[in-house]
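**Student:** sequence plus the predicted model coming up.
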Amino acid sequence: IIGQGFAEVFPNFTEQGFTDLLLNVWHSGVTYRATAYPAEISTGGITETKYFDFEYQAILDKDGNTVAILHTSTDVTARKKALQLLEEKDSLMSFNKELELLTSNLSHDLKNPLGVIKMGAQFMRSKTNMPSTEIHKWCDAILASIGSMESILNHTLRVNEVRRYENSPDYVAMGEIIAQICMEAKNSLDAPKAKFDIGELQPVYGDESLVQQLFYSIIGNAVRYTTNEESPSISIDSAIKDGHTIYQIQDNGIGIPSEELDNLFELFYRGSNARDFE
């Protein structure tokens, strides 16, 4: 092959761009280095992709002109494939963690509406002569809980399908949502004495199903952890401050121990004073 042009000897390398790289090095005198660069290599009529760490080093004369190019390369295909396998394992582990988190969240979010449905069914079964108004009240509560479950499941399916949930934000009127959540929380947590002091409810910009889940969790906790109080009280209010909508939910329950506030955003963390509550 001595005396022949590079493109003549290795026509497939020309198609892959290596001839252009050599020409750039020849004319510029600047060395080119690449790491794990893919190349289609044909051996015995079989073509496969291999990966190389390689260098095209310009050899210059005393006047700075290129007289030769020194080409060195190392086949790193095995290393590349090992790294790809490791990345696939990491990706699988990450997916498994996301799936575990999704399952835990789903289990947590479905408990309240399921509790309402169970309690309503048991209550109506135990009362032989229940007034029609009472039946309608429980039927409305059960249907609302079924609607909540459908919303939660639909959201979960969307997350599972796209792995990265693209929500559809809009302005959400909060009055009806908060009223429904308060009623369901009282029924599902068997807290008939719970009193709600509801102030101004500003609309929230977001995905309605996610907003509902969020407030259900927070208000549900407020009701849950005041059930041992003589007069359980929960206040819900909102205001606009510096262009942001701020919601404030307060209760007179057990609270969070001050020394444990740093754990507030740790997933599924429960305060040491919450162990007597389901």
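**Tutor:** Cool, got the structure.
**Student:** in the stretch 101-250 of the chain, which spans are strands?
**Tutor:** 170-172, 195-198, 204-206, 233-241, 244-251 (DSSP state E, counting those that start in this stretch).
**Student:** closest to A274 out of these?
**Tutor:** Among the strands of the stretch 101-250 of the chain, strand 244-251 comes nearest to A274, with 13.2 Å by CB to CB. The C-beta positions use only the backbone N, C-alpha and C, and glycine is treated the same way.
**Student:** partners of that closest one, with directions?
**Tutor:** When pairing is defined by DSSP bridges, strand 244-251 lines up against strand 233-241 (antiparallel).
**Student:** and the partner strand, how far out from the chain's middle?
**Tutor:** In terms of CA atoms, centre = their mean, to the nearest Å, the centre of strand 233-241 is found 28 Å from the chain centre.
**Student:** got the CA positions of that strand in PDB?
**Tutor:** Taking C-alpha atoms only, strand 233-241 is exported to PDB below (Å, rounded to 0.1, in the frame of the first residue of the first chain):
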ATOM      1  CA  SER A 233     -59.400  22.700  64.900                       C
ATOM      2  CA  ILE A 234     -58.000  23.200  61.400                       C
ATOM      3  CA  SER A 235     -57.700  26.600  59.700                       C
ATOM      4  CA  ILE A 236     -57.100  27.000  56.000                       C
ATOM      5  CA  ASP A 237     -56.400  30.400  54.500                       C
ATOM      6  CA  SER A 238     -54.500  31.900  51.600                       C
ATOM      7  CA  ALA A 239     -53.100  35.200  50.400                       C
ATOM      8  CA  ILE A 240     -51.100  36.700  47.500                       C
ATOM      9  CA  LYS A 241     -47.700  37.900  48.500                       C
END
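**Student:** pull out the buried residues from that strand.
**Tutor:** 233-234, 236, 238 (16 or more other CB atoms under 10 Å).
**Student:** output the contacting helices and strands for the longest helix belonging to the chain.
**Tutor:** Counting by DSSP state H, the longest helix found in the chain is helix 77-126. Counting contacts by 3 or more CB pairs under 8 Å, 6 or more residues apart in numbering; DSSP states H and E, helix 77-126 is packed against strand 46-60, helix 132-162, helix 175-188, helix 208-224.
**Student:** partner strands of the first one, parallel or antiparallel?
**Tutor:** By that I understand strand 46-60. strand 32-43 (antiparallel), strand 66-75 (antiparallel).
**Student:** including mean pLDDT and distance to I142, could the ones you listed go into a markdown table?
**Tutor:** Putting those into a markdown table (pLDDT from 0 to 100; distance: least, CB to CB, whole Å) gives the following:
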| stretch | mean pLDDT | distance to I142 |
| --- | --- | --- |
| strand 32-43 | 86 | 60 |
| strand 66-75 | 92 | 67 |
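**Student:** out of the ones you listed, nearest to T133?
**Tutor:** Judging the strands paired with strand 46-60 by CB to CB, what sits closest to T133 is strand 32-43, at 73.5 Å.
**Student:** let's see that closest one as CSV, backbone CA atoms only.
**Tutor:** These are the backbone C-alpha positions of strand 32-43, laid out as CSV (Å, rounded to 0.1, in the frame of the first residue of the first chain):
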residue,chain,number,x,y,z
TYR,A,32,-6.1,15.3,16.7
ARG,A,33,-7.1,13.1,19.6
ALA,A,34,-10.3,11.1,20.1
THR,A,35,-11.6,8.8,22.9
ALA,A,36,-13.8,5.8,22.4
TYR,A,37,-14.4,6.8,18.7
PRO,A,38,-16.7,4.4,16.8
ALA,A,39,-15.4,2.8,13.6
GLU,A,40,-16.9,0.2,11.3
ILE,A,41,-14.2,-2.5,10.9
SER,A,42,-14.5,-5.2,8.2
THR,A,43,-12.7,-8.5,8.8
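**Student:** that one: which residues count as buried?
**Tutor:** 32, 34, 37, 39.
**Student:** of those, which is the nearest to M149?
**Tutor:** For the buried residues of strand 32-43, the minimum distance to M149 (CB to CB) is 53.0 Å, reached by Y37.
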